[in-house]
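Colleague: sequence unknown, structure follows:
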């Protein structure tokens with residue numbers, strides 16, 4: 001047997017061979033490689049594991065009398081809830097935490113009021129029935145715990161170590177606290193990190209999300225909730241890998257030729273597939289009609305009502321028939337109404353659950369979805385995983401796998417390692433990881449989507465409301481270089497933001513011309529703020545390159561990074577785009593199947609009525625879009641939309657960067673995974689299968 005020189009066993013060769021310098025060099029490199037691999041995959045993860053931190057001790061005055069000390073109940077799980085009465089998210093979060101405290105007397109929940117006089121805290125606490133309230137008027141304790149944002153909840157285990165935290169309003173906080181309570185009460189050793197729960201299900205098919213959904217109710221603006229929606233929810237139509245509508249709870253796509261759309265284009269009839277919800281309650285057309293009314297409820301923070309606002313009335317004359325009467329003919333309506341092809345893909349709501357709420361800003365559907373999809377949620381451990389089991393009432397029959405898991409895995413490199421290790425069956429790749437996945441021999445699925453990445457101008461701010469400034473900024477951007485160096489081929493540059501060939505030639509952006517850009521911009525000494533969703537795709541790297549390119553044109557750019565939930569969230573939750581808190585924003589949009597773009601650029605589409613975060617308004621654009629909406633003939637529609645895209649190219653409210661090309665590394669056992677053109681990649685979860693070994 002031949003052994004490498006440095007692995008030969010004793011006695012294998014006792015002669016001293018002649019020394020070859022080249023061979024010694026190769027041996028040295030081989031040893032170094034082995035040591036590097038060993039460090040990278042075995043020692044480094046241990047070295048980088050964050051140490052457990054002992055919770056700072058404190059004693060604070062109680063709101064009514066006496067004192068509250070951290071060590072008052074040794075051996076118990078403690079949750080510190082940092083809040084203030086002036087904080088709107090706190091007003092939403094505190095009642096949930098208090099309800100959890102009343103239901104679990106075995107744990108200690110301490111509400112720590114931060115930086116307020118006792119009178120302000122007392123008025124709010126008494127009005128809301130709060131019990132264990134401590135006063136941190138000098139912010140000494142909140143500073144010790146790093147509670148920069150309010151509300152912040154910190155979990156402390158029975159041994160006195162910090163074991164987790166949640167910042168901001170989380171409608172699922174009660175479930176998160178319950179999961180933490182179970183975990184911390186069963187694991188009390190301070191010297192050992194908590195083992196992942198439910199890790200003993202190696203056969204469950206496992207996908208990933210980058211962060212917890214803020215809600216699993218799809219009528220709220222929840223990007224990861226929309227991604228997971230097809231697992232548990234039902235729609236009138238799904239969208240397949242080729243961008244075609246697929247019947248789900250509607251039996252067929254209404255057409256004028258088939259009689260589903262009236263001659264005047266205003267009445268649309270849907271034949272409904274009746275059945276049962278995942279909790280066994282009956283489902284029929286009345287649930288669909290109720291969903292329309294829920295979306296119209298002004299008290300609910302629905303991110304987009306543009307589709308339901310077109311409805312004059314909706315009726316369910318029979319359990320299997322829904323009739324919608326529109327205010328005016330609307331060719332885009334069918335692909336946008338309760339389908340995965342919509343700009344915002346809302347699912348059908350369970351009337352028997354949702355009707356009990358005044359609004360749906362916070363409801364049981366956030367964390368306990370009742371749906372019509374192939375699975376139902378069985379477990380949600382916040383920050384760790386969501387587990388799904390087969391829905392026994394699903395109309396297609398049993399899903400192809402008995403269980404599915406969505407791991408919460410924020411780091412792209414970690415996700416790729418999880419696929420290689422067999423812990424994950426599909427991981428979304430960044431450009432830099434594509435070659436790495438292929439070199440590792442992993443199956444890779446790549447598809448061009450109609451999701452367009454773009455630089456958004458805030459036209460409400462000077463001098464961005466000047467066309468010549470926007471044109472100069474566009475001239476400063478080398479979009480081809482950005483696609484190559486940052487997105488590594490996973491971005492297809494575009495001038496119009498339209499994937500359809502009929503529209504792609506409707507206009508063109510100013511060509512890259514850094515000298516012309518500098519001549520226009522440098523004398524202005526512009527200082528601009530660029531907002532990004534830092535963890536989204538390659539936003540951070542792209543923002544750095546965009547800022548560098550603009551700096552060469554004399555523009556100073558400051559980058560502000562936000563979480564996706566905060567970046568794309570509604571105004572009531574402090575959404576950056578919705579509130580217009582930016583000069584420039586690096587964002588993306590997944591348009592629906594229809595070429596209509598009024599949702600993003602219409603004068604009336606300002607948030608929350610649409611996605612026009614930049615405040616663009618052109619009557620000529622609106623007229624062209626309206627002309628395309630009113631007719632059903634494809635040729636007349638595309639002629640109108642070509643005019644609309646030409647107007648956008650001339651006015652330049654955004655700079656399209658390119659279409660995203662989705663790339664997934666997959667395990668060899670994952671069958672029937674077919675991402676679609678809209679990026680709603682879990683559309684056929686019912687067909688997922690695990691290949692037999």
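Modeller: Received the coordinates, thanks. Just so it is clear, the model here is predicted, and its values are computed rather than measured.
Colleague: residue 611: what secondary structure?
Modeller: coil (DSSP: H, G, I helix; E, B strand; the rest coil).
Colleague: give the contact list for it.
Modeller: Applying Cβ atoms under 8 Å, 6 or more residues apart in numbering, we find residue 611 in contact with 303-304, 343, 577, 589, 599-600, 605. (Glycine included, C-beta is placed from N, CA and C.)
Colleague: just those residues now: which is nearest residue 60?
Modeller: Nearest to residue 60 among the contacts of residue 611 is residue 577, at 38.5 Å by Cβ to Cβ.
Colleague: could you look up the SS state of that closest one?
Modeller: Looking at residue 577 with three-state DSSP, the answer is helix.
Colleague: what's the neighbour count on the nearest residue to residue 308 once chain neighbours are set aside?
Modeller: Leaving aside its chain neighbours, residue 308 sits nearest to residue 295 (4.6 Å; criterion: Cβ to Cβ, 6 or more residues apart in numbering). Applying other Cβ atoms under 10 Å, we find 21 residues neighbouring residue 295.
Colleague: same question for residue 379.
Modeller: Residue 379 has 15 neighbouring residues, counting by other Cβ under 10 Å.
Colleague: could you look up the SS state of it?
Modeller: Look at residue 379: counting by three-state DSSP, its state is strand.
Colleague: that one pairs with what?
Modeller: Per DSSP bridges, the residues bridged to residue 379 are residue 387.
Colleague: for residue 553, give me its contacts.
Modeller: If a contact means Cβ under 8 Å, 6+ apart, then residue 553 has 472-473, 475-476, 514, 517-518, 521-522 as its contacts.
Colleague: which one of the contacts of residue 611 sits closest to residue 658?
Modeller: Distance to residue 658, by Cβ to Cβ, is smallest for residue 589 among the contacts of residue 611, at 12.4 Å.
Colleague: confirm for me that the closest one is in contact with residue 450.
Modeller: No. Using Cβ atoms under 8 Å, residue 589 is not in contact with residue 450, being 9.2 Å away.
Colleague: quick one: which of these two has more around it?
Modeller: residue 450 (22 against 18).
Colleague: so which residues of the stretch 1-150 of the chain form strands?
Modeller: For the stretch 1-150 of the chain, the strands defined by DSSP state E, counting those that start in this stretch cover 53-54, 59-61, 67-69, 78-83, 108-114, 133-136.
Colleague: returning to that earlier point: which ones among the contacts of residue 611 lie within strands?
Modeller: Applying DSSP state E to the contacts of residue 611, the entries found in strands are residue 589.
Colleague: for residue 238, state which of the contacts of residue 611 is nearest.
Modeller: For these, the nearest to residue 238 is residue 343 (15.8 Å; Cβ to Cβ).
Colleague: just say helix, strand or coil for residue 535.
Modeller: coil.
Colleague: among the strands of the stretch 1-150 of the chain, which is nearest residue 362?
Modeller: Using Cβ to Cβ, these put strand 78-83 closest to residue 362, at 16.5 Å.
Colleague: how about the nearest residue to residue 106, chain neighbours excluded?
Modeller: Nearest to residue 106 is residue 76, by Cβ to Cβ, 6+ apart, at 7.0 Å.
Colleague: check the gap between that neighbour and residue 141 for me.
Modeller: With the distance defined as Cβ to Cβ, to the nearest Å, residue 76 ends up 18 Å from residue 141.
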